[in-house]
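Trainee: Build the 3D model from these lines:
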Amino acid sequence: MEDDDDFETWKVCWEVARLFHVKRDMTFSYAVQCIGCGKKAFPWSATHRSELITLAVKCSAGHLDWIKTSLTDVCARCNQDFVLKLVKREQICPDDGCRRLLLVDEGVMIERLARKPALAAIFLSLLERHKTFDCLIHGDMVQISQAPRLSAATECNHEANICPKGLQETLEKAISEGRLQDVRCPDAECKAKYAVRDIRSIVSKESFAGYNRKLSLRNMSKDPNFRWCRSVVNGRSCENGQIIPNTKRELEWECVVCKSRNCFDCFPNMCPRHEKLRQDDLENRRKIQETTKKCPRRGCARLIERNKGCAHMTCLEATSEIRRDR
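Mentor: Here you go, the predicted model:
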């Protein structure tokens, strides 16, 4: 059944293509670039040409303007299903570096098919039926009308290929993880940077505020007096940073967000003074572990240290008894 539908669609497309065939002014006898496959080949006919390419085919980036003044046509092989590929959104723009689809100018089609209203209705319904794409993130089919609306400042080299929800999820995850370099087109072959107004329209207000904040901090970090806060609150890094004025070249500075004290010289690595303090702290912890035991009474857990005498010890808090050699 699917093959029958494709054949019926092909017949409609072929009938439409024939309406654009016109006679050449002179016999054409040399090879040109085929607009369908991009190869250099002889046109599909030496005595006729198709006005479809120059009148009713367009690239959304305007790359086909040069065709109107050129002798470019399609080869005999591509001529068989060129219109079918246009309808099914399978024909790529031949311009170098462009991955956009060649689209049918529906206004021109309506004008050319004015004397064949039944054919026009069928052909336009075919165009409407195929105005879909598969989402790059979720893999589901999406209507073109539901695609994210991006401004001209975002220079993607392809048609819409991701649904609004998938694009929002991808960008918000990159923002939350601090990967600002990934706040761009998710298409691996594109990676175009999004304009700020497009980012604002795609992500939530909270994510956009976080994006602006992290972008500002990244720009501020280029200042030699900028320092990141190294504190950890409730298991999470503070993630704040600030510029310490030259007039306050003190040993420590206070984070304006979490109010923690930070060492100015601990950047990018820990300074010698704090490294020594860290080593001393580790040594103290090791010593405590070697010379103390926790009180065995439930709910106490005080550390008991034996510094002299026999192995029998008593917790002064819980009056529990313990032997140090056990």
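Trainee: where exactly do the helices run in the stretch 51-200 of the chain?
Mentor: For the stretch 51-200 of the chain, helices defined by DSSP state H, counting those that start in this stretch occupy the ranges 52-55, 76-79, 82-87, 106-112, 117-129, 164-176, 196-202.
Trainee: Which of the residues in the first one are classified as buried?
Mentor: What that stands for is helix 52-55. Within helix 52-55, the residues that count as buried by 16 or more other CB atoms under 10 Å are L52, I53, T54. Any C-beta I mention is one placed from the backbone N, CA and C, and that applies to glycine too.
Trainee: One more: stretch 118-125?
Mentor: Residues of stretch 118-125 classed as buried: A120, I122, F123 (neighbour count, 16+ other CB under 10 Å).
Trainee: Find the residue ranges of the stretch 201-326 of the chain scoring beneath the pLDDT cut-off.
Mentor: Scanning the stretch 201-326 of the chain for pLDDT under 70 picks out 246-250, 307, 309, 311, 317-326.
Trainee: can you pull out the helices in it?
Mentor: 205-220, 272-291.
Trainee: can I get the ones you listed in CSV with distance to Q91 and mean neighbour count?
Mentor: Converted to CSV, those look like this (distance: least, CB to CB, whole Å; neighbours: other CB atoms under 10 Å):
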stretch, distance to Q91, mean neighbour count
helix 205-220, 37, 14
helix 272-291, 64, 11
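Trainee: closest one to G38 among those helices?
Mentor: helix 205-220 (39.5 Å; CB to CB).
Trainee: Quick one: residues in contact with the closest one.
Mentor: For helix 205-220, the external contacting residues (CB atoms under 8 Å, 6 or more residues apart in numbering) are 171-172, 175-176, 178, 180, 183, 199-200, 203, 226, 240-243.
Trainee: What of stretch 256-264?
Mentor: Outside stretch 256-264, the residues touching it (CB under 8 Å, 6+ apart) are 227, 229-231, 233, 238, 240, 242, 244, 249-255, 271, 273-274.
Trainee: Recalculate using a threshold of 7 Å.
Mentor: Residues from elsewhere that reach stretch 256-264 (CB atoms under 7 Å, 6 or more residues apart in numbering): 227, 229-231, 233, 238, 240, 242, 244, 249-255, 271, 274.
Trainee: Quick check on those residues: which are buried?
Mentor: With burial judged by 16+ other CB under 10 Å, the buried subset of those is R227, C229, S231, C238, N240, Q242, I244, W253, C255.
Trainee: tell me the most buried of the helices of the stretch 51-200 of the chain?
Mentor: Across the helices of the stretch 51-200 of the chain, averaging neighbours per residue (mean count of other CB atoms under 10 Å) puts helix 82-87 on top, at a mean of 22.
Trainee: quick check: domain ranges of this protein?
Mentor: 2-130, 141-216, 221-263, 272-323 (automatic domain parsing).
Trainee: still on that earlier bit, turn the helices of the stretch 51-200 of the chain into JSON lines, including distance to A31.
Mentor: JSON lines is the format used below for the helices of the stretch 51-200 of the chain (distance: least, CB to CB, whole Å):
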{"stretch": "helix 52-55", "distance to A31": "16"}
{"stretch": "helix 76-79", "distance to A31": "12"}
{"stretch": "helix 82-87", "distance to A31": "17"}
{"stretch": "helix 106-112", "distance to A31": "28"}
{"stretch": "helix 117-129", "distance to A31": "31"}
{"stretch": "helix 164-176", "distance to A31": "43"}
{"stretch": "helix 196-202", "distance to A31": "43"}
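Trainee: can you tell which of those helices is closest to I137?
Mentor: Ranking the helices of the stretch 51-200 of the chain by proximity to I137 (CB to CB) places helix 164-176 first, at 3.2 Å.
Trainee: mean confidence score for the closest one?
Mentor: For helix 164-176, mean pLDDT rounds to 94.
Trainee: Show me the contacts of stretch 256-264 that map onto strands.
Mentor: If you go by DSSP state E, the contacts of stretch 256-264 have R227, V233, Q242, E252, W253, E254 in strands.
Trainee: Between the residues you listed, which sits nearest A160?
Mentor: Using CB to CB, Q242 comes nearest to A160 of those, at 40.6 Å.
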